[in-house]
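Q: Sequence first, predicted model second:
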Amino acid sequence: MSLRRTAATAWRVLRQLRRDPRTLALMMLVPLVLMALLRYMFNDDRSVFDRIAPELIGLFPFVLMFVVTSVAMLRERSSGTLERLLATPVAKLDILIGYALAFAATALVQVGLVLALVLGPLQVTVRGSLLLIVVFAVLDALLGAGLGLCFSALARTEFQAVQLMPALVFPQALLCGLFVPRSAMIPPLQGLANALPLTYAVDGITRAASSTAFGTELLKDLLVVLLCWPLALLVGALTLRRRTP
Amino acid sequence: MIIQHLMNYAVEVRGLTVVRGGRAVVEGVDLVVPAGTLVGLLGPSGAGKTTLMRAMVGVQRISAGSVTVVGHPAGSPGARPLVGYVTQAPAVYGDLTVRENLAYFASILGVSGTRVGAAIREVSLEGRAEDRVGNLSGGEVSRVSLATALLASPPLLILDEPTVGLDPLLREDLWSLFARLAAEGTTVLVSSHAMDEARRCQRLVLLRAGRVVADEAPTALLRRTGASDLDRAFLQVVRQLEQPG
């Protein structure tokens, strides 16, 4: 591991992102549009949007970073640049953490925009800690990026990479408690939900939004997300093979 | 004594076999490349040139045998900083400029920024340094890829078809560069399927169906086969091999 190589990789990824204004615009604007859409879908009953807004603030960066990283990593593999990098003294984690840092910075901007919209024009009042919401949202983005890096190894083509999203992210989003409270699910599904990292990511941001108290449940959510992220990166590192058939 | 002996070879391949898709792509290859020589690896498409080169870089999973480069097992952490590798498909970032690509790889390789300009000059791309690689012609992109390998001035350069698609003048320039690098002590291994280029090499290794069929100086090969050019010499060698008895 080397700070210089990690930082150089993060800069390089950010620079590439900047060269692709369309992707950047989609990353920043799509969550805003969806948020506004949901707000007016539940126009008659404000309490619904007030409840789901924090969950969505956690969910959007997770989903988006998952997609962006899995495609970016696939590009790196198929263009041969990954093989070239792995033939240099670079450590695999230099590459992965470089990617993660670049996407975390992007996620921070995205979360800031979504929060500004939700707290401003959409007039959602947050009783909890704004700082904790931002922390969780960025951690959710990192988790999404980590899982994207790790599962991109499963995809050989861009079609497959895009399909990973419905395959791996949708079930987590459906079970995390956004649509149906987890306590109302049948026990096997509850068990499954408890085994999925997004459950804790969304749970944590909901708790952070509802109260300023920092209880054990919130701590548990934070720890699970904090542990899943490096785990995903390590598994991701294992999928980067210096030697290929 | 033994160490001395090993160090005089930039590449030492012993009994190398690579099986891919149930077929031996490289079969029982023995090959030594003395340090500071310009060696051409020739043979038709599918002869195993790329696979053999990948094995030397240490990115190829091998079935049997051993590959040592500059005194280290191929692909080991000790070997990686000493080998510059240029793949057939140029492995550079299309959305970055020439200079940005090289600056990134310079920080990965830990070489000073002044090498970036020098490497650009070595491949005659001064005029395109600030252009995005995606906007360059195929020949220019492959020179960017070559410049990347030159950055760290490694003692061993492994170049897979670096002159494909270049105009004759540029090809001549590159071969002069390779000859100069070899004269300065770098070992340069260049693969090509164009026999006429090969006369610039001090030694030729002819590969056919995964086996080495000739390994000698161009002049010696011409003398032995009595052929008027290297294309005919190669044919001669293959015919001799295929004669029964």
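A: Now that the structure is in, tell me what you want to look at.
Q: Let's see the pLDDT reported for residue 189.
A: I'll assume chain A. In this model, A:Leu189 is scored at 91, pLDDT.
Q: nope, chain B
A: 96.
Q: Report pLDDT for A:Pro197.
A: So, for A:Pro197, pLDDT stands at 89.
Q: Surely it and A:Leu223 touch.
A: No - judged on Cβ atoms under 8 Å, A:Pro197 makes no contact with A:Leu223 at a distance of 11.6 Å. The C-beta positions use only the backbone N, C-alpha and C, and glycine is treated the same way.
Q: Name the residue in the two with the higher neighbour count.
A: Legend: neighbour count by other Cβ atoms under 10 Å in any protein chain shown for A:Pro197 and A:Leu223, higher for A:Pro197 (22 against 12).
Q: got the contact list for that one?
A: A:143, A:147, A:172, A:224-225, A:228 (Cβ atoms under 8 Å, 6 or more residues apart in numbering or on different chains).
Q: now the residues you listed in JSON lines, with distance to chain B, secondary structure and pLDDT?
A: Listed next are the contacts of A:Pro197 as JSON lines, based on distance: Cβ to the nearest Cβ, whole Å; DSSP: H, G, I helix; E, B strand; the rest coil; pLDDT from 0 to 100:
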{"residue": "A:Leu143", "distance to chain B": "26", "secondary structure": "helix", "pLDDT": "91"}
{"residue": "A:Leu147", "distance to chain B": "24", "secondary structure": "helix", "pLDDT": "90"}
{"residue": "A:Gln172", "distance to chain B": "31", "secondary structure": "helix", "pLDDT": "88"}
{"residue": "A:Val224", "distance to chain B": "34", "secondary structure": "helix", "pLDDT": "93"}
{"residue": "A:Val225", "distance to chain B": "30", "secondary structure": "helix", "pLDDT": "91"}
{"residue": "A:Cys228", "distance to chain B": "28", "secondary structure": "helix", "pLDDT": "91"}
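Q: Name all residues that make contact with B:Ala198.
A: Residues counted as contacts of B:Ala198 (Cβ under 8 Å, 6+ apart) are B:40, B:42, B:192, B:204, B:218, B:230.
Q: how about the helix or strand of chain A with the lowest mean pLDDT: buried residues?
A: Taking mean pLDDT, DSSP states H and E as the measure, chain A has helix A:158-164 as its least confident helix or strand, at a mean of 84. Judged by neighbour count using 16 or more other Cβ atoms under 10 Å in any protein chain shown, the buried positions of helix A:158-164 are A:161, A:164.
Q: Any residue of that helix touching chain B?
A: No - under the criterion of Cβ under 8 Å from any Cβ of the partner chain, helix A:158-164 makes no contact with chain B; the nearest approach is 15.3 Å.
Q: List of residues touching that helix?
A: For helix A:158-164, contacts defined as Cβ under 8 Å, 6+ apart pick out A:66-67, A:70-71, A:74, A:151-152, A:154-155.
Q: how near is the residue nearest the centre of chain A to chain B?
A: For chain A, A:Phe62 is the residue whose C-alpha lies nearest the centre (Cα atoms, centre = their mean; 2.2 Å). As judged by Cβ to the nearest Cβ, to the nearest Å, A:Phe62 and chain B stand 25 Å apart.
Q: Name the SS class of that residue, please.
A: Under DSSP: H, G, I helix; E, B strand; the rest coil, A:Phe62 falls in the helix class.
Q: Could you pull up the residues touching it?
A: Contacts of A:Phe62 by Cβ under 8 Å, 6+ apart are A:140-141, A:143-144, A:169, A:198, A:201.
Q: same deal with B:Lys49?
A: Taking Cβ under 8 Å, 6+ apart as the test, what B:Lys49 contacts is B:41-43, B:160, B:191, B:193, B:207.
Q: Show me the residues you listed that map onto strands.
A: Judged by DSSP state E, the subset of those located in strands is B:41-42, B:160, B:191, B:207.
Q: Please convert the buried members of those into ChimeraX selection syntax.
A: Applied in ChimeraX, the following selects the buried portion of those according to 16+ other Cβ under 10 Å:
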select /B:41,42,160,191,207
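Q: check contacts around residue 90.
A: Using chain A here. Residues counted as contacts of A:Val90 (Cβ under 8 Å, 6+ apart) are A:5, B:108.
Q: should've been chain B
A: A:80, B:141-142, B:144-145 are the contacts of B:Pro90 under Cβ under 8 Å, 6+ apart.
Q: circling back to that earlier point, read off the pLDDT value for the residue nearest to the centre of chain A.
A: A:Phe62 is given a pLDDT of 90.
Q: and chain A, which residues reach chain B?
A: Neighbours of chain B within chain A, by Cβ under 8 Å from any Cβ: A:4-5, A:8-9, A:11-12, A:15-16, A:19-20, A:79-81, A:83-90, A:94, A:242-245.
Q: Of those residues, just the buried ones, PyMOL syntax please.
A: PyMOL command restricting the residues of chain A next to chain B to the buried ones, with burial defined by 16+ other Cβ under 10 Å:
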select buried, chain A and resi 5+8+9+11+12+15+16+19+79+80+81+83+84+85+86+87+88+89+90+94+242
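Q: Point out the ones among the residues of chain A next to chain B that are inside strands.
A: Members of the residues of chain A next to chain B lying in strands (criterion: DSSP E): none.
Q: ok so, going back, which one of the contacts of B:Ala198 is nearest to chain A?
A: Each of these was scored against chain A by Cβ to the nearest Cβ, and B:Ser192 proved nearest at 19.2 Å.
Q: residues near A:Leu227, how many?
A: By the measure other Cβ under 10 Å, the count of residues near A:Leu227 is 12.
Q: Look up phi and psi at it.
A: Per-residue torsions, A:Leu227: phi -90, psi -30 (degrees, to the nearest 10).
Q: returning to that earlier point: which single one of the contacts of A:Phe62 is nearest to B:Gly113?
A: A:Ala141 (32.0 Å; Cβ to Cβ).
Q: and B:Thr148, what element?
A: Using DSSP states H and E, B:Thr148 maps to helix B:138-150.
Q: Next, see if that helix gets close to chain A.
A: Yes - for helix B:138-150 and chain A, the contact criterion (Cβ under 8 Å from any Cβ) is met by B:Thr148.
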